[in-house]
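Trainee: Here's a sequence, model it:
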Amino acid sequence: ERAKGVKRISEKDLLDLRLKCMDPPDSWKSAEEGDLPIWRWVDNERKDEIKTKVEAPRMGGDAAPTRRKSNHKDTAPPLEECAPIQKNEETRWKAKVMGAEEDEESDDVILKRALVCLNKLTLTKFEVVSDSFINAGIGRNRKCLSEAISLIVKKAQGEPHFAAMYANLCLKLAITPMAAIGEEAESKKGKMFKTLLLERCQAEFEQDTGERILAATKDLEDPAEKEYHASIIKKNYLGHMQFIGELYKGDLLSIKTMLFCLPILLGDDEDNTADVDEEKIECFTKLMTTVGARLEDHSEYFKRGGKPDRALTLAKCWTRVEGIAKKKDGYPVVSTRLRFMLQDLIDMKNKGWEARRKVETAKTLSQIHKEAAREESKMKRSSSNNTLRRSGSSNSLRRSGSSNSLRGMNRNNSKLSRSVSAGPTVDEDGFITAPAKNSIRRSYSDSKFSKADNASLEPSKPSKFAALQDIDEGPKKVIVPDKIPTEKDIEKSIQNILKEYFVGGDSDDAVLSVKELIGDGDGVVERTSAVLSGGCLLVMEAKQAEVDKFISIITRCIDEDVVAKDRVLAGLQRPLDVVSDIAVDAPFATSHLAQVVATCIKIVSIPFDFFLNTPEWFLTEGNAAKFGTMVLKILGDEAIANQENIRVIEKLMTPQDKERYETVIELMAAC
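Mentor: Predicted structure coming up:
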């Protein structure tokens, strides 16, 4: 120990030290002469700290934590009072290319900076990020601008759901003068950009996908990798078609360019039987889906102006599309998948370019939040409706006295009354005979009979041998009523009646069937409402011809008092409540229901302000103002000129409608 200059402490001394906290062991106090000096760290507050920790409750191990009521108060201010964090341009992190000095900038640095901006571009931050992209210096010379356009085209090809956003970026670049390339004058603004954009899009359009796939996969041996790269190239080419369509919709490409591209994709040549490239036909359907409506309008406009060549070129394309889709003689044969794709395109054109399925597009954060809130509200509404159906109501069809066989309602009602009045029976020995389990008398429980009732059921002269006297008698017959129809049963029945009528049935038979379905007696109000709502739900997803037939049947039923006028309004409530949901899959559902509602208003003289008392979901999320405007237009000029009706439309307008349209006149012009 002396040689090393170390004082060794025994285990006993260490334990003694721990037990006495900071007091030194006894052996240290009596140090002999010649021993090494003992150094100790003395802290007068250490004992108090150790004592506090020992007395504190244990938070782990085999001891459970002591639960105390927390007195913590949130001192943070409310969220609406908080200001957004201010950007500090000096301290915040920046990419190296974003902080380069102007003297050191090269074309590569500028393009890297532009690519950083493109990677950050979203619909929510479009204005800010697009300004940064323009101010990155891409307009310093023709070469740099051309490379920036290539970046935009590549991004648009790889992200087709953002094609409209990248087309808007190109439109913003086209209207921004770039002094570095000689566009100071207003007349020259955007000319070079449009020229370079057209050249780049044409180069991508003319490239052969097969050659690009061979070039990309020539050094690859794994079939999976080859297939992966091939799928990427095909996807990018399809994305390029959608990007071209969005550029045309933004007036950056002309109709002449479109009519040059479409026949090439369709393989339109003199020999109609020649083989066609199926991938290009798929690109044709993609491009036509994007620009079809606008292209039809433009060609019709030029045709009225004395220039029919554009309309003729487009008509020639449609003739070829129909020939391929329907496998006509003299046209090339393609796969079944492509034929169905072309047939869907034809159906879309015939329906006014309304897509059969809702196309998912990029959305801003506010739009996503609104959709989430709408879905949450819809779920709450659905759960509340289910609760009401389970709990039932006094007016429910389930509690009505109507029978399922409506043709023999009076007969069944008489049977039902006899069955209800039968009640429990008592024999001479005092035994009570319970009704059959399937009988409606099952609802009478023993608790509903008081002692006085039981006393009245006692026999006047009981006999122990009465059971033997009646042993030959069989069990009494119990009349079981028919199943009571529910609202869904009524709706299904009226829809079957209407479907039979739509395929060539007689209107007299249809009216008679409706009369028998509604019947009379208890529950007639609910049955009438179910008949109207079921018919409306059917025709909302039907064709216009079937809507006209349904309106004629309803008109006859109301005129002949088959449907009471005071019950029409109740039958329109459920269709109005769900029309916005049905319109997602059936685009013409709103206009079809508007025709039915307008007809009911004319015949029954329903006041127009009944819209103010329609279901809450229709008023908040169902575009009630637009729907009311459609009904007014169907009713005619007299209804539109009525100021009371205009005031009703004003009350139906939501805050979103008022932000978009300042007056009802603007709303009516947009509908």
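Trainee: how about the helices of the stretch 151-300 of the chain, start to end?
Mentor: 163-174, 191-206, 209-217, 223-249, 255-266, 278-304 (DSSP state H, counting those that start in this stretch).
Trainee: Generate a markdown table for those helices, with mean pLDDT and distance to residue 327 as supplementary columns.
Mentor: From N, CA and C alone the C-beta is placed, and that goes for glycine too. Shown next, in a markdown table, are those (pLDDT from 0 to 100; distance: least, C-beta to C-beta, whole Å):
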| stretch | mean pLDDT | distance to residue 327 |
| --- | --- | --- |
| helix 163-174 | 90 | 32 |
| helix 191-206 | 88 | 29 |
| helix 209-217 | 87 | 26 |
| helix 223-249 | 90 | 25 |
| helix 255-266 | 88 | 16 |
| helix 278-304 | 87 | 14 |
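Trainee: right, so of those helices, which gets closest to residue 599?
Mentor: Comparing those by their distance to residue 599 (C-beta to C-beta), the top pick is helix 278-304, with 29.8 Å.
Trainee: Can you name the element that comes right after the closest one?
Mentor: Per DSSP states H and E, the first helix or strand lying C-terminal to helix 278-304 is helix 309-325.
Trainee: related to what we said a few turns ago, so which of the helices of the stretch 151-300 of the chain comes closest to residue 633?
Mentor: helix 278-304 (21.5 Å).
Trainee: Tell me the helices and strands packed up against that closest one.
Mentor: Applying 3 or more C-beta pairs under 8 Å, 6 or more residues apart in numbering; DSSP states H and E, one finds that helix 278-304 contacts helix 223-249, helix 255-266, helix 309-325, helix 336-350.
Trainee: Tell me who's in contact with residue 235.
Mentor: Counting by C-beta atoms under 8 Å, 6 or more residues apart in numbering, residue 235 touches 158, 160.
Trainee: gap between it and residue 512?
Mentor: Distance of residue 235 to residue 512, computed by C-beta to C-beta, to the nearest Å: 59 Å.
Trainee: Same check on residue 600?
Mentor: For residue 600, the distance to residue 512 - C-beta to C-beta - is 21 Å.
Trainee: The two: who's more crowded?
Mentor: residue 600 (25 against 13; other C-beta atoms under 10 Å).
Trainee: With only the CA atoms kept, save the helix or strand hosting the more buried one in CSV.
Mentor: In this assignment (DSSP H and E), residue 600 forms part of helix 589-604. The C-alpha atoms that make up helix 589-604 are tabulated as CSV, following Å, rounded to 0.1, in the frame of the first residue of the first chain:
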residue,chain,number,x,y,z
ALA,A,589,-79.1,11.3,-59.3
THR,A,590,-79.4,15.0,-58.3
SER,A,591,-81.1,16.1,-61.5
HIS,A,592,-83.4,13.1,-61.6
LEU,A,593,-84.6,13.7,-58.0
ALA,A,594,-85.0,17.4,-58.8
GLN,A,595,-87.5,16.5,-61.6
VAL,A,596,-89.5,14.4,-59.2
VAL,A,597,-89.6,17.1,-56.5
ALA,A,598,-90.6,19.8,-59.0
THR,A,599,-93.4,17.6,-60.3
CYS,A,600,-94.7,17.1,-56.7
ILE,A,601,-94.5,20.8,-56.0
LYS,A,602,-96.6,21.5,-59.1
ILE,A,603,-99.3,18.9,-58.5
VAL,A,604,-99.6,19.0,-54.7
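Trainee: list the helices and strands it packs on?
Mentor: By 3+ C-beta pairs under 8 Å, 6+ apart, helix 589-604 packs against helix 524-539, helix 544-559, helix 568-571, helix 573-585, helix 624-635.
Trainee: Buried residues, that helix. List them.
Mentor: By neighbour count with 16 or more other C-beta atoms under 10 Å, helix 589-604 contains the buried residues 589-590, 592-601, 603.
Trainee: Put together JSON lines for the residues you listed, with pLDDT on each row.
Mentor: Formatted as JSON lines, the buried residues of helix 589-604 follow (pLDDT from 0 to 100):
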{"residue": "589", "pLDDT": "87"}
{"residue": "590", "pLDDT": "88"}
{"residue": "592", "pLDDT": "90"}
{"residue": "593", "pLDDT": "90"}
{"residue": "594", "pLDDT": "90"}
{"residue": "595", "pLDDT": "91"}
{"residue": "596", "pLDDT": "91"}
{"residue": "597", "pLDDT": "91"}
{"residue": "598", "pLDDT": "90"}
{"residue": "599", "pLDDT": "90"}
{"residue": "600", "pLDDT": "90"}
{"residue": "601", "pLDDT": "88"}
{"residue": "603", "pLDDT": "87"}
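Trainee: re the thing from before, so which of the helices of the stretch 151-300 of the chain gets nearest residue 367?
Mentor: helix 163-174 (13.3 Å).
Trainee: just how off-centre is that closest one within its chain?
Mentor: Put simply, helix 163-174 sits 27 Å off its chain's centre (C-alpha atoms, centre = their mean, to the nearest Å).
Trainee: Check stretch 350-364 too.
Mentor: With C-alpha atoms, centre = their mean, you get 12 Å for stretch 350-364.
Trainee: Just the residues contacting that stretch, thanks.
Mentor: Applying C-beta under 8 Å, 6+ apart, the contact partners of stretch 350-364 are 122-124, 161-162, 164-165, 289, 292-293, 296, 344, 347-348, 371, 584-585, 587-588.
Trainee: what's the answer for stretch 546-557, then?
Mentor: 498, 501-502, 507, 510-511, 514-515, 532, 535, 538-539, 542, 562-563, 592, 595-596, 599-600, 603.
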